[in-house]
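Student: fold the following for me, if possible:
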Amino acid sequence: MKIELSHVSKYYRDGEKSTRGLEDVSLSFETDSSFVVITGESGAGKSTLFRVLTGTEDFDEGEICFDGKPLSGVSDEEKARLYRENIAFDFQEYNLIEGFSPVENIVLALTKAGYGLKEAKKKANDVLEEVGLHKQKKMKVAKLSGGERQRVAIARCLASDAKILLFDEPTGNLDPNTSKEIIALIESLQKGRLILYITHDFDLVRDKATRHIVLADGKVLSDETISLPQEENVKEIKQEKHPTPLKSNLYNASLFAFKRPGRLFFFDSLLFRGVPLFRCLRARFL
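Tutor: Okay, here's the model as predicted:
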């Protein structure tokens, strides 16, 4: 998988005033087991680049291509599919539902992305085992530590089978020792995937980085290859299409109806860009 940004610009407009988020950014990334670190001062464009790369914000100028396929001209549904199947990402704030367990958080995300309920539960358990949270998988997220919550968020990324994992300041809310553990965990996921790691502090991951991109004022100030990936034989990650079954939709609805009353009609995760559960159920029954 290769993703290319060609002369991408993004502007924020407030009346007649225009603020630059990104300007004429051209970057190319491949799933070659690289650990790419993106840094810059506050206001440099890191957050804007994160949102553009994850499809949570549109860009104003330029082009983005997935394996040579430009996004311009494709339907919103196809565009969402390309992002969803190829890029998984982790917010600094975790974006987890505190009243749910780790398993429930991941199952909800997977079923919204099209997985069947049985497969989603199996994958949720598998990835939680992989990140070292097997014992805590049924605890409420509200009772987990910051480091454990971050592991749940990382597990959710893994469960999507995406080839590109994008992390936005994943250790920003953690103590130094826990930060080292999380960085080591992220590094262990590198084989066969591309890690894009956004941070204000390059020293945290200096010894992990294979490439360092520096942003300033919305532009690419420098782009340096530090070392080549160690693994020459990159394992392809299998991806499948999963039409959302009725059973999964009902399961998701029951979680919100009984555990988080009042939010059934309003929840719509940016992370998986799914439709609200209410609209999903309405399409099934009305």
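
Student: drop to CA atoms for contacts and neighbour counts, all remaining ones
Tutor: Noted.

Student: now stretch 30-45: mean pLDDT?
Tutor: Regarding stretch 30-45, the rounded mean pLDDT is 92.

Student: end to end, how far does it reach?
Tutor: The separation between the terminal residues of stretch 30-45, taken as Cα to Cα, to the nearest Å, is 21 Å.

Student: and stretch 69-77, by the same measure?
Tutor: For stretch 69-77, the end-to-end distance is 15 Å (Cα to Cα).

Student: stretch 87-94 too?
Tutor: Chord length of stretch 87-94, first to last residue, is 16 Å (Cα to Cα).

Student: for the helix or strand where Arg151 lies, give the mean pLDDT please.
Tutor: Assigning secondary structure by DSSP states H and E places Arg151 in helix 146-159. Mean per-residue pLDDT for helix 146-159: 95.

Student: then stretch 103-122?
Tutor: pLDDT averaged over stretch 103-122 gives 93.

Student: can you pull the buried residues of that stretch?
Tutor: Buried residues in stretch 103-122, counting neighbours by 16 or more other Cα atoms under 10 Å, are found at 103-117, 120-121.

Student: which ones among the residues you listed map onto helices?
Tutor: Applying DSSP state H to the buried residues of stretch 103-122, the entries found in helices are 103-112, 117, 120-121.

Student: just to revisit the earlier point, the helix holding Arg151 vs helix 102-112, what angle?
Tutor: Here helix 146-159 points in a direction 30 degrees away from that of helix 102-112 (axes from the mean of the first three to the mean of the last three Cα atoms, to 10 degrees).

Student: packing partners for helix 146-159?
Tutor: strand 87-90, helix 102-112, helix 117-130, helix 176-188 (3 or more Cα pairs under 8 Å, 6 or more residues apart in numbering; DSSP states H and E).

Student: what's next to it, contact-wise?
Tutor: Where contact means Cα atoms under 8 Å, 6 or more residues apart in numbering, the residues beyond helix 146-159 that reach it are 88-90, 94-96, 102, 105-106, 109-110, 123-124, 127-128, 130-133, 141, 165, 170, 173-174, 178-179, 182, 186.

Student: as CSV, the helices and strands packed on helix 146-159 with distance to Gly218 would be great.
Tutor: Formatted as CSV, these follow (distance: least, Cα to Cα, whole Å):
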stretch, distance to Gly218
strand 87-90, 21
helix 102-112, 32
helix 117-130, 35
helix 176-188, 26
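
Student: quick one: the strands in the protein?
Tutor: 2-14, 17-30, 35-39, 61-66, 69-70, 87-90, 164-168, 194-198, 211-216, 219-225 (DSSP state E).

Student: partner strands of the first one and their direction?
Tutor: When pairing is defined by DSSP bridges, strand 2-14 lines up against strand 17-30 (antiparallel), strand 61-66 (antiparallel).

Student: got any ranges where this structure has weak pLDDT?
Tutor: 227-286 (pLDDT under 70).
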